[in-house]
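Asker: Okay, here's the prediction I keep looking at, along with the sequence it came from:
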Number of protein chains: 2
Amino acid sequence: MARNDTEPAKRGRGRPPSAEVRRRILETAAVVLVENGVSEVTFDKVARRAGVSRMTLYKWFRSPASLALAAFEDTYADSLRPESTGDLWTDLRTHLRGFVADLSEPRLGAMVAGLLGSAQHDPALAGEISGSYTRPRREGAAELLRAGQERGQLPASVDVEVLVDQLWGACYARLLLPEGVLDEAFADTLVANLRALSGTD
Amino acid sequence: MARNDTEPAKRGRGRPPSAEVRRRILETAAVVLVENGVSEVTFDKVARRAGVSRMTLYKWFRSPASLALAAFEDTYADSLRPESTGDLWTDLRTHLRGFVADLSEPRLGAMVAGLLGSAQHDPALAGEISGSYTRPRREGAAELLRAGQERGQLPASVDVEVLVDQLWGACYARLLLPEGVLDEAFADTLVANLRALSGTD
DNA sequence: CGAATTATTGGACAGGTTGTCCATTAATTC
DNA sequence: GAATTAATGGACAACCTGTCCAATAATTCG
């Protein structure tokens, strides 16, 4: 949570990068990001608003979208909450409820949707998102399911990797497809549907 | 399927819109769309390539993305295939297999992903996609499930609207999230997971 | 201290896209 | 022939990108 920008490492020779400058860039980018969306985060605008040379941005960030992602991570990195109670269905409900609560918070949801939207035209951005956002979250989700499977709460024949998409992926579909409604009831029903099928009421 | 541009309706007074011009615009936009992606479909480029005045594009299309969507619908509108065999699980497998086959066809998948990506920054485009693409497909999917539910192949307690997201939505998640693998095996496993849970092997 | 090294700045430039304006020409109906 | 609508071509300011360059600042090494 924005605690890794104070003193990164020993530099060799020349003038060290200014932590002050980097901080102002990320703060300004975060403001533009939350107020105007990813597509408005532009090198030109951020540089002018932050009172920083545009060249510095070109040196540190691959693209405006990449800067927006860095600002997002720096400011809104959330906790990944990996707690577990020992009961699969309880874990799923609390985890999915929190997840949906985050994504349906207008500002955060719009930022995630905007970043994923930009990634559709920007393979490099997709790679960055995969590394810092998608992959760790997907890992945690699969782990949760695997634990339940090992406790016998899920048939061994269930494909956990696919089930991740049938729970968390379904939430992203509601976030990204037009007309999608994303609320706590949706999270609950995702789990309820599985239980209804398995008859474990 | 590009059959609604020949003679739309009687015009009142002045010079009628040129079907020839409209055709060239949509064809050129479709070429740019499939070759370079949604983000490269620009009024300037399409107008120059089509040999048409840029002003004409501004008159007929709300935005470049809207033009890209029109070109997509005009050229690549697919069939919605609503056939049904009477068995839910068979219907689901064939339907989802075809759906995934379409989306994983590189050009078509990239176009859908690009359009949905652009819609994240363009609410008006999201509305257009909802009306012409998302809503009818979602309706068909829900209908398929409801029919199965009425035949007793799905518990009455299952929420069909949510289950749509757990099947088709999961495919969109794989399409739109980085690292997602979308193939026939995924389609089969989506259905297999539900059957594994319900124990109806 | 001085030299080498790296960061940052400010300015400049061409290229592309948008959005808008205007005058002109073309086609069609009344 | 007059009114009406479509289409054209050109122009303009505004913004963003990507790149180049010269000048200045901060830090380490010899």
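Answerer: Now that the structure is in, tell me what you want to look at.

Asker: Quick check: pLDDT value at the residue nearest in space to the middle of chain A.
Answerer: The structure's chain A has its C-alpha centroid closest to residue A:133; by C-alpha atoms, centre = their mean the separation is 4.7 Å. With respect to pLDDT, residue A:133 has a value of 94.

Asker: Please apply the same query to residue A:6.
Answerer: Taking residue A:6 on its own, its pLDDT is 38.

Asker: For residue A:113, which non-adjacent residue is spatially closest?
Answerer: Nearest residue to residue A:113 in three dimensions, chain neighbours excluded: residue B:120, at 4.8 Å (C-beta to C-beta, 6 or more residues apart in numbering or on different chains). No exception for glycine: its C-beta is placed from N, CA and C like everyone else's.

Asker: list the helices and strands the host helix or strand of residue A:71 packs on?
Answerer: Using DSSP states H and E, residue A:71 maps to helix A:64-76. Applying 3 or more C-beta pairs under 8 Å, 6 or more residues apart in numbering or on different chains; DSSP states H and E, we find helix A:64-76 packed against helix A:19-36, helix A:43-50, helix A:106-119, helix A:123-129.

Asker: Low-confidence stretches in chain A?
Answerer: A:1-11, A:79-82, A:200-201 (pLDDT under 70).

Asker: What residues does chain A have near DNA strand D?
Answerer: Contacts of chain A with DNA strand D, taken as C-beta under 7 Å from any atom of the strand, map to A:11-16, A:42-45, A:54-55, A:58, A:63-64.

Asker: Nearest to residue B:104 among those?
Answerer: Relative to residue B:104, the closest of those is residue A:63; by C-beta to C-beta it sits at 27.2 Å.

Asker: any idea what sits nearest residue A:104, other than its immediate chain neighbours?
Answerer: residue A:182 (4.6 Å).

Asker: wait, I meant residue A:164
Answerer: residue A:141 (4.9 Å).

Asker: Let me see the contact set for that neighbour.
Answerer: Contact partners of residue A:141, counting by C-beta atoms under 8 Å, 6 or more residues apart in numbering or on different chains, are A:95, A:164, A:167, A:168.

Asker: how much space between it and chain B?
Answerer: 12 Å (C-beta to the nearest C-beta, to the nearest Å).

Asker: which stretch of helix or strand covers that residue?
Answerer: When elements are assigned from DSSP H and E, residue A:141 belongs to helix A:135-150.

Asker: helix or strand right after that helix?
Answerer: helix A:160-164.

Asker: How about that next one, which residues are buried there?
Answerer: Using 16 or more other C-beta atoms under 10 Å in any protein chain shown as the test for burial, helix A:160-164 gives A:160, A:162, A:163, A:164.

Asker: Out of those, the closest to residue A:37 would be?
Answerer: residue A:164 (27.9 Å).

Asker: Look at the closest residue to DNA strand C within chain A and tell me its secondary structure.
Answerer: Taking C-beta to the nearest atom of the strand as the measure, chain A has residue A:14 as its residue closest to DNA strand C, at 1.9 Å. For residue A:14, the reduced secondary structure class is coil; criterion used: DSSP: H, G, I helix; E, B strand; the rest coil.

Asker: okay, now the residue of chain A found nearest DNA strand D: neighbour count?
Answerer: Using C-beta to the nearest atom of the strand, the point where chain A gets nearest to DNA strand D is residue A:15, with a distance of 3.1 Å. For residue A:15, the neighbour count with other C-beta atoms under 10 Å in any protein chain shown is 6.

Asker: what do you get for the one 4 residues further on?
Answerer: Around residue A:19 sit 12 other residues, with neighbours defined as other C-beta under 10 Å.

Asker: One more: residue A:76?
Answerer: Residues lying near residue A:76 (other C-beta under 10 Å) number 18.

Asker: out of the contacts of residue A:141, which are inside helices?
Answerer: Where those overlap with helices, as defined by DSSP state H, the overlap consists of A:95, A:164.

Asker: thinking again about what came up before, tell me the one of the buried residues of helix A:160-164 nearest chain B?
Answerer: Distance from chain B was checked for each of these by C-beta to the nearest C-beta. The minimum falls on residue A:162, at 4.4 Å.

Asker: what residues are up against the closest one?
Answerer: B:170, B:186, B:189, B:190, B:193.

Asker: so the last one is in which element?
Answerer: What it means is residue B:193. Residue B:193 is part of helix B:184-198 when elements are defined by DSSP H and E.

Asker: Can you spell out which helices and strands pack onto that helix?
Answerer: helix A:160-164, helix A:184-198, helix B:88-104, helix B:170-176.

Asker: same for the longest one, what does it pack against?
Answerer: In other words, helix B:88-104. helix B:106-119, helix B:135-150, helix B:170-176, helix B:184-198.

Asker: most neighbours per residue, which of the ones you listed?
Answerer: With neighbours defined by mean count of other C-beta atoms under 10 Å in any protein chain shown, none of these is more surrounded on average than helix B:170-176, at a mean of 25.

Asker: mind checking how far it is from the chain centre?
Answerer: Going by C-alpha atoms, centre = their mean, to the nearest Å, the spacing between the C-alpha centre of helix B:170-176 and its chain's C-alpha centre is 13 Å.

Asker: what do you get for stretch A:163-177?
Answerer: 13 Å.

Asker: got the CA positions of it in PDB?
Answerer: Listed next in PDB are the C-alpha coordinates belonging to stretch A:163-177 (Å, rounded to 0.1, in the frame of the first residue of the first chain):
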ATOM      1  CA  LEU A 163     -14.900 -23.100 -11.400                       C
ATOM      2  CA  VAL A 164     -12.900 -20.000 -10.600                       C
ATOM      3  CA  ASP A 165     -14.300 -18.500 -13.800                       C
ATOM      4  CA  GLN A 166     -17.800 -19.700 -12.900                       C
ATOM      5  CA  LEU A 167     -17.600 -17.700  -9.600                       C
ATOM      6  CA  TRP A 168     -15.200 -14.800  -9.900                       C
ATOM      7  CA  GLY A 169     -15.200 -14.700 -13.600                       C
ATOM      8  CA  ALA A 170     -19.000 -14.300 -13.600                       C
ATOM      9  CA  CYS A 171     -18.500 -11.200 -11.500                       C
ATOM     10  CA  TYR A 172     -16.100  -9.800 -14.000                       C
ATOM     11  CA  ALA A 173     -18.600 -10.500 -16.800                       C
ATOM     12  CA  ARG A 174     -21.200  -8.500 -14.900                       C
ATOM     13  CA  LEU A 175     -18.700  -5.700 -14.400                       C
ATOM     14  CA  LEU A 176     -17.600  -5.600 -18.000                       C
ATOM     15  CA  LEU A 177     -20.700  -6.400 -20.100                       C
END
